[in-house]
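Asks: quick check, what structure comes out for this input:
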Amino acid sequence: MALPANFNQQLPGLHPLASPYGTAPRIREYDVSATYNATIGEGNCLIKTATGVQLATNTVAAGGKLVGVAAHNLAATPGAGAKVLVYDDPNQEYSVVADGTITSTVIIENIGKFVTCISNVYNATLGQGKTVADISTATSVRATTGTWYQITGYLQAAGETRTSTWSQIVVKIPPQIHLFESSAKTTTT
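Replies: Residues are numbered from 1 along each chain as shown. Okay, the predicted model is just below:
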């Protein structure tokens, strides 16, 4: 049987790596508004609001705090009592696909820089979130709005090189915008 041409292409979405403590990644359950009308996909970035968690957008207001990454899919308008499991450890690292070509120079220069996550929506074809990192936004100064992640490294998956299109990078939520980071100052409920 022949393998599909894109067999080694990595799936979009943020995927938790081993915990920084050598254990399984921490997962907690969060409420979702019964009337929230977007499907949450595994690997999507989530923000906490007064009515529960929801998809973070690239227009997250200044002072908004990310809570983590969805661990499973949840249908839109889920009804009363809906819950979603979230990877919410502030030290958790994730692998995510970068949406452009990465060069050897970029690999070294981007460690520690911030990138936005784009396409943070559910993808019905893949059956999961389709979030990717916009490598062209890499900057050493994080903007006060948007969904930002900090690059902490690069992965080399089987069948790809680090300097290829759609390479995997390792990111974490910057402490300044993580809801549970001790240095995060927030008024969100």
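Asks: CA atoms for contacts and neighbours, from now on please.
Replies: OK.
Asks: would you agree residue 174 is in contact with residue 143?
Replies: No. Assessed by C-alpha atoms under 8 Å, residue 174 is found out of contact with residue 143, at 11.8 Å.
Asks: quick one: which of those two has more around it?
Replies: residue 174 (19 against 13; other C-alpha atoms under 10 Å).
Asks: list the contacts for that one?
Replies: Taking C-alpha atoms under 8 Å, 6 or more residues apart in numbering, we find residue 174 in contact with 148-150.
Asks: and the pLDDT at it?
Replies: Looking at residue 174, its pLDDT is 86.
Asks: of the contacts of residue 174 - the most surrounded one?
Replies: residue 148 (29 neighbours).
Asks: chain neighbours aside, what residue packs nearest to it?
Replies: Leaving aside its sequence neighbours, residue 148 sits nearest to residue 116 (C-alpha to C-alpha, 6 or more residues apart in numbering; 4.5 Å).
Asks: give me the neighbour count for the one you found.
Replies: There are 22 residues near residue 116, going by other C-alpha under 10 Å.
Asks: CA atoms only: put the strand or helix carrying it into PDB for me.
Replies: In the assignment (DSSP states H and E), residue 116 maps to strand 114-118. C-alpha atoms of strand 114-118 as PDB (Å, rounded to 0.1, in the frame of the first residue of the first chain):
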ATOM      1  CA  PHE A 114       7.100  35.900  20.300                       C
ATOM      2  CA  VAL A 115       4.800  34.800  17.500                       C
ATOM      3  CA  THR A 116       1.000  35.000  17.000                       C
ATOM      4  CA  CYS A 117      -1.100  31.900  16.500                       C
ATOM      5  CA  ILE A 118      -3.400  32.200  13.500                       C
END
